[in-house]
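**Student:** dropping a prediction and its sequence here:
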Amino acid sequence: MSHPAAPEPGDLEHLDVLIVGAGISGIGAAHYLRTRLPGKTWAILEARDAIGGTWDLFRYPGIRSDSDLYTFSYEFKPWTSRKSIADATTILDYLRETAAENGIDRHVRTHHRVLAASWSTEDARWLVEVERTDTGERLSLTCGWLFCASGYYDYDEGFTPGFEGREDFRGTIIHPQHWPEDLDHAGKRVVVIGSGATAITLVPALADTAAHVTMLQRSPTYVMPVPSVDPVAGLLRKVLGTHRAYPVIRRKNIAQQRAVWLFCQRFPKAARRLIRRVNTRQLPEGYPVDEHFRPTYDPWDQRLCAVPDGDLFRAIRGGRASVVTDRVETFTERGVRLASGRELEADVIVTATGLKLRAMGGITLTVDGAPVALPDTVAFRGMMLSGVPNFSFAIGYTNASWTLKVGLLCEHFCRLLAHMDAHGYDTCRPDTGEGPMTTRPLLDFAAGYVRRSLDQLPRQGERAPWLMSMSYHGDVKLLRDRPVDDEHLRFSRRRGSAPEAPSRSVPGTRSAPR
């Protein structure tokens, strides 16, 4: 039986830029493309049935931001809610409003999962294979640039260790990533296994109606109370008005985030003492602070967990929640037996044990027929991969608000495309040059979900432009102020294409011979 020939690239829909993922990064990228390069054709492919990414996926009780929304929101769209630490519903409304105001929602194709992309140097374009997640149909299209805005989480499943005796437990076991809408935990005993941001968010939210909630952690995490409403921001908004105050509040909070991080990095012992003092004041008198709230690592080796208005500490003080630091030996019929021999009885067990990472949305990449092994690539300016042409990705900060970095990357991406248009190029590829390069993990972060997946991720170098910068002000200089051209970027035109266009002025770009 003969099979139909694969369609020629010219027979397929072609886009200048294909964005993968309709979350906060993808919507941001679309805005910058629409406003800065209005002549470009683009679309967003989203595997799920709605926009919003993480903020639409996770539905567990209490889900909220752990960054202030004045820096987590877009620079181009002011955050107008009174609360600076906001719940997922408010954030999702903000994202949907942004997409609708800018006409971005009309360019989102839901139920479209990108499976693979193959680059052809001869055609200077990607051939992209897509699956319809609602029908199973396969389709293809081509694009000049592929922009991966899917973050690094695996949206299909979270991480759960293989707990002994799991099948013996007679109650309900849930992972927060797949929270059932019909779960009624009122009046029930709940054990939340974990100590990260998800667990610390869940415990006070569940404690409002549960009989009791126990946070069972293997080791402590740094936890700090923060006000859900920023009083300085409120004053500035009252004096200047919402829109004029927004950039001022944003700059204040960027500086504040950086100052806290630098203090923890430079004076870890002092930071430890300060955090412990704050925790002690928030907890009942005589509480074993060091047992449950004193990690073995230094502050900001992992992300600090923020609790708005001290809600976790308030639940502990009220006797509605407790913390146990121990290891799970086995699940039992009635709950969890610990290494110490103690048994925690439970009706519901929540395994808030972390996330899985999925590099570049799990897309299989090939360049001229050769598979791309992500661990063999090095990140260029935190947004491209060595040896991979016309491919960009968006990963935000781990020590500050995610969107601060993504906004700068999207701006730089548009400047790069404008530079190529101005000089008649259709291909751009980062090149590490000759000889070996000293590299290290892409994310210098000690969180368990990162450590488990480092061997699947690209690498980073020791210095710019191969360094994954975690400094907003440093990235402003690199991504916004410096020229897009670089000695490590190789620009070219495919054979037979139009000759190089006359050089014209494009802000922040310069041409160099190749």
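**Tutor:** Perfect, I can see it now.

**Student:** this structure: helices as residue ranges?
**Tutor:** Counting by DSSP state H, the chain has helices at residues 24-36, 54-57, 69-72, 88-101, 197-207, 231-240, 242-266, 268-282, 289-293, 311-317, 402-423, 448-451, 472-475.

**Student:** mean pLDDT, mean neighbour count and distance to Thr214 added to those, as CSV?
**Tutor:** Placement of C-beta: from N, CA and C, glycine included. Below are these laid out as CSV (pLDDT from 0 to 100; neighbours: other C-beta atoms under 10 Å; distance: least, C-beta to C-beta, whole Å):
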stretch, mean pLDDT, mean neighbour count, distance to Thr214
helix 24-36, 97, 23, 33
helix 54-57, 91, 19, 26
helix 69-72, 96, 24, 30
helix 88-101, 96, 18, 24
helix 197-207, 96, 25, 8
helix 231-240, 95, 14, 34
helix 242-266, 95, 16, 29
helix 268-282, 97, 15, 18
helix 289-293, 97, 16, 11
helix 311-317, 97, 21, 11
helix 402-423, 97, 22, 31
helix 448-451, 66, 16, 20
helix 472-475, 93, 16, 38
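
**Student:** now do the contacts for the closest residue to Asp49 other than its chain neighbours.
**Tutor:** Spatial nearest neighbour of Asp49, excluding adjacent residues (C-beta to C-beta, 6 or more residues apart in numbering): Thr110 at 5.2 Å. Thr110 makes contact with 22, 46, 48-51, according to C-beta atoms under 8 Å, 6 or more residues apart in numbering.

**Student:** rewinding a little: quick one, which of the helices of the chain is nearest to Arg493?
**Tutor:** Closest of the helices of the chain to Arg493 is helix 402-423, at 9.2 Å (criterion: C-beta to C-beta).

**Student:** name the helices or strands packed onto the closest one?
**Tutor:** helix 24-36, helix 69-72, helix 472-475 (3 or more C-beta pairs under 8 Å, 6 or more residues apart in numbering; DSSP states H and E).

**Student:** between helix 402-423 and the first one, find me the angle.
**Tutor:** Put simply, helix 24-36 runs at 40 degrees to helix 402-423, going by axes from the mean of the first three to the mean of the last three C-alpha atoms, to 10 degrees.

**Student:** got the contact list for helix 24-36?
**Tutor:** 17, 19-20, 40, 42, 44, 46, 51, 53-55, 74, 76, 95, 98-99, 102-104, 107, 147, 149-151, 394, 396, 402-403, 406-407, 410-411, 413-414, 418.

**Student:** could the helices and strands packed on helix 402-423 be laid out in JSON lines, adding distance to Leu202?
**Tutor:** JSON lines is the format used below for the helices and strands packed on helix 402-423 (distance: least, C-beta to C-beta, whole Å):
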{"stretch": "helix 24-36", "distance to Leu202": "22"}
{"stretch": "helix 69-72", "distance to Leu202": "20"}
{"stretch": "helix 472-475", "distance to Leu202": "30"}
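
**Student:** so which of these gets nearest Glu285?
**Tutor:** helix 69-72 (34.6 Å).

**Student:** which elements pack onto that closest one?
**Tutor:** Using 3+ C-beta pairs under 8 Å, 6+ apart: helix 69-72 touches helix 88-101, helix 242-266, helix 402-423.

**Student:** so Ala43 bridges to which residues?
**Tutor:** Leu18 (DSSP bridges).

**Student:** hmm, Ile19 and it touching each other?
**Tutor:** Yes: using C-beta atoms under 8 Å, Ala43 is in contact with Ile19, at 7.0 Å.

**Student:** between these two, tell me which one has more neighbours.
**Tutor:** Of the pair Ala43 and Ile19, Ile19 is the one with more neighbours under other C-beta atoms under 10 Å, namely 30 against 18.

**Student:** that older thread, identify the bridge partners of the residue nearest to Asp49.
**Tutor:** Glu46.

**Student:** what does the one 10 residues further on give?
**Tutor:** Partner residues in beta bridges with Ser120, using DSSP bridges, are Arg125.

**Student:** any idea how far it lies from Asn390?
**Tutor:** For Ser120, the distance to Asn390 (C-beta to C-beta, to the nearest Å) stands at 11 Å.

**Student:** equivalent analysis for Arg277, please.
**Tutor:** From Arg277 over to Asn390 (counting by C-beta to C-beta), the distance is 52 Å.

**Student:** kindly report the same for Leu404.
**Tutor:** Distance of Leu404 to Asn390, computed by C-beta to C-beta: 25 Å.

**Student:** likewise for Asp290?
**Tutor:** Separation of Asp290 from Asn390 (C-beta to C-beta) stands at 53 Å.

**Student:** Phe76 too?
**Tutor:** With C-beta to C-beta as the criterion, Phe76 and Asn390 are 25 Å apart.

**Student:** give me the more crowded residue out of those two.
**Tutor:** Asn390 (22 against 12).

**Student:** got a list of what the more buried one touches?
**Tutor:** 119, 124-126, 144-146, 427-429.

**Student:** ok, these vs Thr325, which is closest?
**Tutor:** Checking the contacts of Asn390 one by one against Thr325 (C-beta to C-beta), the nearest turns out to be Leu146, at 45.0 Å.

**Student:** state the distance from the closest one to Leu127.
**Tutor:** The gap separating Leu146 from Leu127 is 10 Å, by C-beta to C-beta.

**Student:** quick check: neighbours shared by the two?
**Tutor:** Ala117.

**Student:** more neighbours, those two?
**Tutor:** A count of neighbours by other C-beta under 10 Å puts Leu146 above the other of Leu146 and Leu127, at 25 against 19.

**Student:** give me the beta-bridge partners of that one?
**Tutor:** Leu18, Phe391.

**Student:** surely it meets Arg125?
**Tutor:** No: using C-beta under 8 Å, Leu146 is not in contact with Arg125; the gap is 9.7 Å.

**Student:** which residues touch Arg327?
**Tutor:** Arg327 is in contact with 218, 338-339, counting by C-beta under 8 Å, 6+ apart.
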